[in-house]
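> Below: sequence and its predicted model.
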Amino acid sequence: MSKAKSQTAEPEQSPEAGAAEPEPAPGEAAEQAVGAEAQAEAAEAKESPEERTARLEAEVATLKDQLLRALAETENLRRRSERERSDAVKYAAAPMLRDLLAVADNLSRAIESVPDDAGAEDQRIETLLAGVKLTEKELSAVLERHNVVKLEPLGERLDPHRHEAMFEVPDESQPNGTIVQVVQPGYLLHDRLLRPARVGVSKGGPAKAPEAPQKGEGAQASEATEPGKHIDTTI
């Protein structure tokens, strides 16, 4: 009888062959969190007043630093957004105005191509020339209304921020680097360069010496008379 029972009994399963561990119940995570909070409260209860004060002061300092950093980043973002919005409005017409510069150049070339005595010989040419001049004047007024400033730097020193040197002219009577010919005028839109002036510069002349300051004017007057001081290079 005992032998039959031993033959029909099921074999015991080893721990390694058992099923996977059951997942924690939905409330176990909350219970663990509550337990952690209880342990933290117990640890805080064991703190001395001095330790608690030091800990709270450190937390306040950390939060204050984070708040100041967040405020600084927000202020920088606000200023940058305002500047970008202002520039977008200020220079929004730059592409269109840059295209109009070619029209202004062609009108100037048309006027310069007519001989001075052509109007006296033919009344029609004189009438046509007057109309072209009137158109050029109106276009210049439109550009000025949109804060476009024309650059005609004849006689000035070469400024690479505003001028584009096309060639050099040997001229001993002019200081080296002086603009002696303007091939194409330049333009500024507000304080931003819209198109550089294409110029020819002198070569081989003596360097321009600074003028002697007037008696009693001091160092400030001497600095004001140095060459290149009148040129704006902040663009």
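Yep, that arrived.
> Please count neighbours and contacts with C-alpha atoms only from this point.
Will do.
> got any ranges where this protein has weak pLDDT?
1-35, 37-38, 40-45, 119, 205-235 (pLDDT under 70).
> if you set the cut-off to 50 instead, what comes out?
Within the chain, the stretches with pLDDT under 50 are 1-9, 11, 13-19, 216-235.
> Do you have the helices of it handy? List them.
2-8, 26-45, 49-90, 94-113, 118-121, 123-145, 218-224 (DSSP state H).
> Can you tell me how far the residue lying closest to Gly155 once chain neighbours are set aside is from Val199?
Counting by Cα to Cα, 6 or more residues apart in numbering, Ile179 is the residue found nearest to Gly155 once chain neighbours are left out, at 5.2 Å. According to Cα to Cα, to the nearest Å, Ile179 and Val199 sit 6 Å apart.
> what's the answer for Leu139, then?
For Leu139, the distance to Val199 - Cα to Cα - is 23 Å.
> Which one of the two is surrounded by more residues?
Neighbour tally, Leu139 and Val199, criterion other Cα atoms under 10 Å: the higher count belongs to Val199, 24 against 17.
> Please determine how far the more buried one is located from Thr178.
For Val199 relative to Thr178 (Cα to Cα), the value is 10 Å.
> tell me the domain boundaries of the protein?
Domains of the chain are assigned by automatic domain parsing as 48-90, 93-146, 148-235.
> Pick the most buried one from the ones you listed.
Highest mean neighbour count among the domains of the chain (mean count of other Cα atoms under 10 Å): domain 148-235, with a mean of 16.
> hmm, back to that, same list, the domains of the chain, but as CSV with distance to Gln39 please.
Output for the domains of the chain, formatted as CSV (distance: least, Cα to Cα, whole Å):
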stretch, distance to Gln39
domain 48-90, 16
domain 93-146, 66
domain 148-235, 63
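> Which among those is found nearest to Ala36?
domain 48-90 (18.7 Å; Cα to Cα).
> related to what we said a few turns ago, quick one, which of the helices of the chain is nearest to Leu189?
Closest among the helices of the chain, using Cα to Cα: helix 94-113, at 7.4 Å.
> got the contact list for the closest one?
For helix 94-113, the external contacting residues (Cα atoms under 8 Å, 6 or more residues apart in numbering) are Leu129, Val132, Lys133, Thr135, Glu136, Leu139, Ser140, Leu143, Gln184, Leu189, Leu194, Arg195.
> separation between the fifth one and Pro196?
For Glu136, the distance to Pro196 equals 20 Å [Cα to Cα].
> now do the fourth one
As for Thr135, its distance to Pro196 is 24 Å (criterion: Cα to Cα).
> Also Glu51?
Glu51 is 69 Å from Pro196, by Cα to Cα.
> Could you do Pro95 as well?
15 Å.
> Gly186 too?
5 Å.
> what sits in contact with each of those two?
Arg162, His163.
> Show me what Val199 is bridged to.
Taking DSSP bridges as the rule, Val199 bridges to Ala165, Val182.
> wait, isn't it in contact with Gly177?
No: using Cα atoms under 8 Å, Val199 makes no contact with Gly177, being 10.7 Å away.
> closest to Pro153 out of the helices of the chain?
Using Cα to Cα, these put helix 94-113 closest to Pro153, at 16.3 Å.
> relative orientation of that closest one and helix 123-145 in degrees?
150 degrees (axes from the mean of the first three to the mean of the last three Cα atoms, to 10 degrees).
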